[in-house]
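J.: Sequence first, then the predicted structure:
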Amino acid sequence: MLESRAADAGRSVRRRRECLNCEFRFTTYERVETMPITVVKRSGNRETFSRTKLLTGLVRACEKTGLDTSRLEMLVDDIELQLQQRNQKEISSQDLGNLVLDELGELSEVAYVRFASVYGKFSGVSDFMTTLEALKHRQNLKRQLAEIS
């Protein structure tokens, strides 16, 4: 082995190796095998958590907001890590959506409302208004906490 170092924000180990017979160099990645997370849909159906599906939804919500895809990938990494650290390996789609909204609210108000409108299945203007009021309340709380600090 030539060298080892952390990769994927410390979630895996990257190792540079060399074959002892032919001296060919190659890289391996080792990561901890985790239990799959199950998302319980509103209909009661269950499906395996898909980081690709979550990232796709976030990219759509963040179109034309100026948020970099790499930042969204980090957000998905953070959410997946939070899910893996939980004792339960099932999460409702509503709880997952709220977790995403908590993280997304720090990045972009527009993306927050877009994501909320899809995940919350808005049916009219009142749904948008309720979400905007919740976002405004959240910002006021954040501002008050900043003043206290």
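T.: Received the coordinates, thanks.
J.: Tell me which residues touch the residue nearest the centre of the chain, please.
T.: The centre of the chain sits closest to V76, judged by Cα atoms, centre = their mean, with a distance of 2.3 Å. Contacts for V76 (Cβ atoms under 8 Å, 6 or more residues apart in numbering) come out as R51, L54, L55, L58. Bear in mind the C-beta positions are built from the backbone N, C-alpha and C, glycine included.
J.: Tell me how far the host helix or strand of it lies from the chain's centre.
T.: For V76, the element it lies in under DSSP states H and E is helix 69-85. Distance of helix 69-85 from the chain centroid (Cα atoms, centre = their mean, to the nearest Å) equals 4 Å.
J.: And that helix, what's buried?
T.: Neighbour-count burial for helix 69-85, counted by 16 or more other Cβ atoms under 10 Å, picks out L72, L75, V76, I79, E80, L83.
J.: Return a PyMOL selection command for the buried portion of the contacts of V76.
T.: PyMOL command restricting the contacts of V76 to the buried ones, with burial defined by 16+ other Cβ under 10 Å:
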select buried, resi 54+55+58
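J.: How is the chain divided into domains?
T.: 1-32, 34-148 (automatic domain parsing).
J.: and those domains, which is most packed in?
T.: Of all the domains of the chain, domain 34-148 has the most neighbours on average by mean count of other Cβ atoms under 10 Å, namely a mean of 14.
J.: Can you check the pLDDT for R17?
T.: What the model reports for R17 is a pLDDT of 89.
J.: Could you tell me how far the lengthiest helix in the chain lies from the centre of the chain?
T.: Ordering each helix of the chain by length in residues (DSSP state H) puts helix 125-148 first. A distance of 21 Å separates the centroid of the chain from that of helix 125-148, by Cα atoms, centre = their mean.
J.: I'd like the average pLDDT over it.
T.: 86.
J.: so is the residue located most distally from the centre of the chain in a helix, a strand, or just coil?
T.: Most distant residue from the mean C-alpha position of the chain: N21, 42.9 Å away (Cα atoms, centre = their mean). Secondary structure assignment for N21 (DSSP: H, G, I helix; E, B strand; the rest coil): coil.
J.: oh, and call the first residue 18 from now on, that's how I've got it
T.: Sure, I'll start counting at 18 from here, so that last one is N38.
J.: any idea of the pLDDT on it?
T.: So, for N38, pLDDT stands at 93.
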